[in-house]
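>>> Sharing a model that was predicted from the sequence below.
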Amino acid sequence: MKNQTPPDSQDSSEQPRNALDRLIYKLGNMLSLLFIFTVAISFYEVLMRYLFNAPTIWVHETASFLGGCLFVYGGIYALSTNKHVRVVLIYDLVSDRVRRWLNVFHHIMGIVFSGLLSWAAYQMVQDSWFTPFGDIRLETSGSAFDPSFPALVKGMIFVTLCIMFIQFILHLLQELNGLRKQDNV
């Protein structure tokens, strides 16, 4: 009989691989509570609008901001738990050694991808956080509420992509170390 893991336990490949991944995982689990807050304020808006005929000016933009930031954070969260998208049709058919080399390729491409996107996000942040003369002035939505959410989301995208860049480097180093150990066995 095969040793089967209980259905509620995670595969070891889906566990955070290093200290940064563990931090991202723990923070992500805490941040996920913001989805409850988003639902609560959306429910509040529905009550105010349809029950009391007193719609709010802040709920829609706040809910969109929180949802957008959480969605962006989901990228590094998925990478921290090895739940990112991969072509399993090929991946599952090859040996463990070939999988490791596919992982190396994936991490190298991830470094390039996240590095280039980080640069583009930096340009977005620069445009949305600073005036042409270099003074700090956060871009706002232009609505009646007029929060600086657009600039903050762009900042979140930049920070998240920088973290993803570091994650890919750490994962690549771990993968190469695993290959080296495999060759020495």
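That came through, no problem.

>>> Determine whether the claim that residue 157 is in a strand is correct.
No. Residue 157: not assigned to a strand; according to DSSP: H, G, I helix; E, B strand; the rest coil it is helix.

>>> Buried residues, the helix-or-strand element of the chain with minimal mean pLDDT. List them.
Within the chain, confidence by mean pLDDT, DSSP states H and E is lowest for helix 88-91 among all helices and strands, at a mean of 80. For helix 88-91, the neighbour count (16 or more other C-beta atoms under 10 Å) marks no residue as buried. Any C-beta I mention is one placed from the backbone N, CA and C, and that applies to glycine too.

>>> which helices and strands sit right next to that helix?
Under the contact definition 3 or more C-beta pairs under 8 Å, 6 or more residues apart in numbering; DSSP states H and E, helix 88-91 sits against helix 96-129.

>>> What is the helix it packs on packed up against?
helix 88-91, helix 149-184.

>>> and the least confident helix or strand of the chain, C-alpha only, in PDB?
Output of helix 88-91 as PDB, limited to C-alpha atoms (Å, rounded to 0.1, in the frame of the first residue of the first chain):
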ATOM      1  CA  VAL A  88       2.000  20.300 -16.700                       C
ATOM      2  CA  LEU A  89       1.500  18.300 -19.800                       C
ATOM      3  CA  ILE A  90       5.200  18.400 -20.400                       C
ATOM      4  CA  TYR A  91       6.400  18.900 -16.800                       C
END
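
>>> For residue 69, give me its contacts.
Residue 69 makes contact with 152-153, 156 under the criterion C-beta atoms under 8 Å, 6 or more residues apart in numbering.
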